[in-house]
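# sequence first, predicted model second:
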Amino acid sequence: MTTTSRRLLVLVFAGTFAAAGIRAGTDGKAITATATEEQPEEYKNWIELAIGGVITSGDRAQFEQEHRLPGDQVYGGIQDLHFEGTFDKNGVFSVDGHALWDINDYDITVQLAKPNLGYIKAGYTEFRNWYDGNAGFFPHNDVFFDPPYPEMHVDRGDAWIELGLRAPDWPEITIRYDHEFRFGQKDSTVWGDTNLTGLLPPSNSTRKIVPSFRNLDEKRDIFSFEASKTIGNTDVLLGMRYEHNTNDYSLNMERGAGQLPPVVSPPGQQRKVTQQQNDDVDLFSGHGITETRITDNLWFTSGYSYTTITNDLSGSRIFGTHWDEAFGEPVPTLGSRDHAFIDLAGTAQIKENVFNANLFWMPFESLAILTGFRYTHENNDSDSTFLAEEPVPNTPPFTPLNPAGGFHYGSPIPVEGARNSDYNRFAERLELRYTGIKDWLFYFQGEWEEEFGNVDEFQSLDEEIPLDKDTNALGQKYTIGATWYPTARLNFAGQYFHRIASYNEDVFSAIFPRLVNQDWNVDDFNIRMTYRPKLPACMGTLALVTRYDFVHTSIDSQWDIFPQEDLLAELQTGEIKKHVISESLNWNPLPRFFLQANFSYVLNQTDTPANDINIDPLTSPTVVNFRNDYWTVTSGIGYIIDDKTDFYADYYFYCANDYFKNPAVAMPYGMGATENAVSATVTRKLSKTMRLQLKYGYFNYRDVTSGGHNNYQAHSLFSSLQIRF
């Protein structure tokens with residue numbers, strides 16, 4: 001079934017039930033006759049029709065990506081639909097959904113339910129995400145490459161059916177089938193390169209700022225089964241799941257963009273890279289869960305799951321003058337580092353076993369204890385082969401397709417690689433909560449996780465020494481907190497936690513420098529005050545929430561140089577400090593008027609010793625200390641004009657000023673952007689069965705990081721009419 005036919009089916013299906021429902025509401029005189037003034041008629045069904053549109057200026061694709069609305073076109077249809085009825089005395093039939101054209105937003109659910117027997121329901125969902133194809137901007141000479149596809153989108157969907165047995169004295173059984181898909185194009189952050197940056201070669205003029213994109217085609221079929229039953233004081237749930245996935249991906253990028261020497265090659269012979277990957281995945285999992293209520297204050301839960309995943313992999317990486325070219329076509333501008341491969345074939349298998357147990361105990365009314373344990377065993381086994389294609393210099397006789405100084409691919413080199421890993425993970429948790437002191441709550445949490453593993457891997461090309469290492473990791477987190485309620489209108493809460501994560505490797509054989517030890521230490525402290533002051537009756541009610549967070553993270557790392565086995569000294573490679581101040585306000589000065597406002601300010605600084613390193617002859621470090629400071633404001637007001645008319649307006653503001661220009665040695669990074677968004681909505685009740693809504697929105701976005709190429713302004717209009725019957 002094509003995408004167009006699926007959408008048409010959803011629209012016709014939803015519209016048919018909507019029309020039938022309206023006729024039932026207008027022709028159902030028996031229902032109207034039973035209504036009385038003392039008991040107004042209840043309208044259980046409705047349809048809401050909507051139409052809207054957006055007018056944009058600037059980067060329309062950026063607006064579509066941020067707000068998930070199509071720009072410069074009209075959209076509309078059925079915004080919301082609900083229809084229900086009865087059959088066979090006590091059976092229930094219902095339809096819910098919506099269908100909006102040109103926004104690719106469709107959803108419909110049809111259900112038949114019979115008490116003391118079960119239900120059957122089916123549905124279809126589809127929605128669209130938009131993507132902006134823009135890539136990097138280089139401020140040194142304002143170079144920017146227009147993307148091959150400025151506006152892209154990916155459609156996601158799910159067609160499903162579910163059956164449930166809910167008969168007395170029988171287990172509750174649920175069987176479900178889903179067919180999910182994801183299809184379309186999106187941008188990628190794996191950008192192509194160019195040397196047209198205005199920098200001299202001694203300054204390393206090449207930068208990766210050229211747009212690239214991915215083609216996606218994913219399909220997934222899921223079968224699931226669950227059965228649950230209460231046996232005595234124990235609830236038992238058993239289930240299984242099978243998935244079959246087929247994925248077809250391609251990454252499309254350009255090398256040396258804009259660098260064509262016109263004397264050597266005519267236009268249209270750039271180096272286009274198409275990296276194709278195909279996956280054929282089968283997943284099977286089974287699980288069992290028990291919950292036993294030993295006494296009212298002593299509960300025990302346990303669970304076990306087994307999962308196995310197998311994947312057949314294929315793919316290629318091909319250079320050509322166009323995307324999706326066959327291998328072997330001449331590429332006059334081929335470079336010496338344009339490594340390609342063909343005939344990739346591989347298999348992978350993952351097996352995972354997980355067991356967990358938890359105990360909840362309240363020895364006293366004021367004390368609760370929760371303990372938990374989890375064990376995981378994971379084994380990964382994969383291998384692959386491919387033909388590596390390496391560039392070799394051209395030889396006479398030279399032609400436009402075989403230029404002097406150029407390259408072509410030589411004889412293919414068979415390559416094989418394999419990886420095996422085995423991990424054991426243990427996790428424990430302890431939580432205590434105490435309320436024995438009046439107006440106080442105290443709690444403590446401890447979490448621990450240990451990992452032990454072994455990794456063996458090799459590749460026959462460029463790695464004469466295989467990797468053989470043992471890994472171990474230890475994670476710890478300790479949390480303590482308290483909440484104090486001095487009055488009914490005021491409370492304070494504070495929390496502190498310390499987290500330690502240590503990663504260590506014992507490397508027996510390897511090549512290239514490797515990170516062998518790393519320690520993360522995180523300290524997080526936050527305090528919150530909630531205050532509802534008593535105001536004069538003429539000022540209504542007010543609620544304030546004030547919060548402050550401080551997070552400090554230090555990272556210590558140690559490297560080893562293989563195969564020389566030179567263990568370097570451990571250094572602090574990073575320090576992160578983060579302050580977050582936030583305020584929330586809710587004020588109802590009048591019964592028919594309210595005001596909400598939220599403010600947050602974030603100060604985030606990352607320091608690294610690499611900031612002190614200048615690579616000669618450059619005079620600026622490549623990696624510098626980094627800031628991520630920003631603040632946001634959201635607010636909204638609502639006013640009930642009369643018993644038929646409501647008004648609501650909101651405002652959003654975001655600002656970050658962390659853009660850092662370091663073009664001589666690196667890509668500029670950091671966010672520099674400002675965004676304003678405001679909307680106003682009026683809702684009018686036209687009659688007992690009809691309600692009209694009108695909404696206007698304005699959006700303004702300014703982005704320094706992209707050199708203004710992502711800037712946009714937009715005006716949106718939206719209207720809906722709800723009819724109840």
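Yep, it's here.

# what helix or strand is residue 96 located in?
Residue 96 is located in strand 91-101, with elements delineated by DSSP states H and E.

# residue contacts, the nearest residue to residue 529 once chain neighbours are set aside?
For residue 529, ignoring the flanking residues on the chain, the nearest one in space by C-beta to C-beta, 6 or more residues apart in numbering is residue 546 at 4.8 Å. C-beta here means a position set from N, CA and C on the backbone, and glycine is covered the same way. For residue 546, the contact set (C-beta atoms under 8 Å, 6 or more residues apart in numbering) comprises 528, 529, 531, 582, 583, 584.

# and if you look at residue 588?
When contacts are counted by C-beta under 8 Å, 6+ apart, residue 588 is found next to 540, 541, 542, 594, 595.

# between the residues you listed, which has the most around it?
The residue in these with the most neighbours, by other C-beta atoms under 10 Å, is residue 594 (18 neighbours).

# surely residue 322 is in contact with residue 272?
Yes - the criterion here is C-beta atoms under 8 Å, and residue 322 meets it with residue 272 at 5.6 Å.

# report the beta-bridge partners for residue 317.
residue 275, residue 341 (DSSP bridges).

# stretch 301-315: which residues count as buried?
Residues 301, 303, 305, 307, 309, 311, 313, 315 are the ones in stretch 301-315 that count as buried (16 or more other C-beta atoms under 10 Å).

# quick check: which element contains the fifth one?
Taking DSSP H and E as the criterion, the element that holds residue 309 is strand 298-320.

# picking up where we left off before, from the contacts of residue 588, which land in strands?
Within those, residues falling in strands by DSSP state E are 541, 542, 594, 595.

# wait, what's in contact with residue 556?
517, 518, 519, 521, 570, 571, 572, 573.

# buried ones among these?
Listed as buried from the contacts of residue 556 are 518, 519, 573; burial here means 16+ other C-beta under 10 Å.

# and which of these is nearest to residue 259?
Minimum separation from residue 259 among these (C-beta to C-beta) is found for residue 573, which lies at 35.6 Å.

# what number of residues lie near the closest residue to residue 624 other than its chain neighbours?
Residue nearest to residue 624 in three dimensions, not counting chain neighbours: residue 611, with 5.0 Å by C-beta to C-beta, 6+ apart. Residue 611 has 14 neighbouring residues, counting by other C-beta under 10 Å.

# just the pLDDT at residue 492, thanks.
Per-residue confidence (pLDDT) for residue 492: 98.

# which residues sit in contact with it?
Neighbouring residues of residue 492 by C-beta under 8 Å, 6+ apart: 483, 484, 486, 527, 528, 529, 530.

# off-centre distance for stretch 346-353?
25 Å (C-alpha atoms, centre = their mean, to the nearest Å).

# contacts for it next, please.
Contacts for stretch 346-353 (C-beta under 8 Å, 6+ apart): 304-314, 376-385.

# shouldn't the residue nearest to residue 624 be in contact with residue 623?
Yes - assessed by C-beta under 8 Å, residue 611 is found in contact with residue 623 at 6.7 Å.

# give me the nearest residue to residue 509, chain neighbours excluded.
Take residue 509 and drop its neighbours on the chain: the residue closest to it by C-beta to C-beta, 6+ apart is residue 468, 4.8 Å away.

# re earlier: tell me the helices and strands packed up against the strand holding residue 309.
Helices and strands touching strand 298-320, by 3 or more C-beta pairs under 8 Å, 6 or more residues apart in numbering; DSSP states H and E, are strand 271-295, strand 340-364.

# pLDDT of that strand, averaged?
Across strand 298-320, the average pLDDT comes to 97.

# now do stretch 184-194
Stretch 184-194 shows a mean pLDDT of 95.

# give me the buried positions along that stretch.
Across stretch 184-194, burial judged by 16+ other C-beta under 10 Å covers 184, 185, 186, 187, 188, 191, 192, 193, 194.

# so the fifth one, which state does it fall into?
The reference is to residue 188. Secondary structure, DSSP: H, G, I helix; E, B strand; the rest coil: residue 188 is strand.

# now it: how far from residue 197?
Distance of residue 188 to residue 197, computed by C-beta to C-beta, to the nearest Å: 21 Å.

# looking at the contacts of residue 556, which are in helices?
If you go by DSSP state H, the contacts of residue 556 have nothing in helices.

# mind listing which of these are in strands?
If you go by DSSP E, the contacts of residue 556 have 517, 518, 519, 521, 571, 572, 573 in strands.

# okay, those in JSON lines with distance to residue 85 next?
Listed next are those as JSON lines, based on distance: C-beta to C-beta, whole Å:
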{"residue": "517", "distance to residue 85": "67"}
{"residue": "518", "distance to residue 85": "62"}
{"residue": "519", "distance to residue 85": "64"}
{"residue": "521", "distance to residue 85": "62"}
{"residue": "571", "distance to residue 85": "71"}
{"residue": "572", "distance to residue 85": "68"}
{"residue": "573", "distance to residue 85": "66"}
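
# mind listing the strands for the stretch 151-300 of the chain?
In the stretch 151-300 of the chain, the strands defined using DSSP state E, counting those that start in this stretch lie at 151-165, 172-194, 207-231, 234-255, 271-295, 298-320.

# TSV for these, including distance to residue 669?
Listed next are the strands of the stretch 151-300 of the chain as TSV, based on distance: least, C-beta to C-beta, whole Å:
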stretch	distance to residue 669
strand 151-165	24
strand 172-194	12
strand 207-231	12
strand 234-255	20
strand 271-295	24
strand 298-320	28
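
# do you know which of these lies nearest residue 359?
Smallest distance to residue 359 across those (C-beta to C-beta): 5.4 Å, for strand 298-320.

# what's the spacing between the closest one and its chain's center?
With C-alpha atoms, centre = their mean, you get 18 Å for strand 298-320.

# how about the buried residues of stretch 301-315, which pair is most distant?
Maximum pairwise distance in the buried residues of stretch 301-315, criterion C-beta to C-beta, is 43.3 Å, between 301 and 315.

# report pLDDT for the nearest residue to residue 612 once chain neighbours are set aside.
With sequence-adjacent residues excluded and distances taken as C-beta to C-beta, 6+ apart, residue 612 is closest to residue 621, at 7.0 Å. pLDDT recorded at residue 621 is 74.

# nearest spatial neighbour of the residue nearest the centre of the chain, chain-adjacent residues omitted?
The residue lying closest to the centre of the chain (C-alpha atoms, centre = their mean) is residue 129, at 12.0 Å. In this structure, residue 129 finds its nearest non-sequential neighbour in residue 154, 5.2 Å apart by C-beta to C-beta, 6+ apart.

# ok, the one you found - contacts?
Contact analysis of residue 154 by C-beta under 8 Å, 6+ apart lists 128, 129, 131, 182, 183, 184, 185, 186, 216.

# go on, residue 309?
Applying C-beta under 8 Å, 6+ apart, the residues near residue 309 are 281, 282, 283, 348, 349, 350.

# change it to 10 Å
Residues counted as contacts of residue 309 (C-beta atoms under 10 Å, 6 or more residues apart in numbering) are 243, 245, 281-285, 348-352, 380.

# make JSON lines out of those and add distance to residue 100.
Output for the contacts of residue 309, formatted as JSON lines (distance: C-beta to C-beta, whole Å):
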{"residue": "243", "distance to residue 100": "30"}
{"residue": "245", "distance to residue 100": "29"}
{"residue": "281", "distance to residue 100": "32"}
{"residue": "282", "distance to residue 100": "36"}
{"residue": "283", "distance to residue 100": "33"}
{"residue": "284", "distance to residue 100": "37"}
{"residue": "285", "distance to residue 100": "35"}
{"residue": "348", "distance to residue 100": "40"}
{"residue": "349", "distance to residue 100": "43"}
{"residue": "350", "distance to residue 100": "40"}
{"residue": "351", "distance to residue 100": "44"}
{"residue": "352", "distance to residue 100": "40"}
{"residue": "380", "distance to residue 100": "43"}
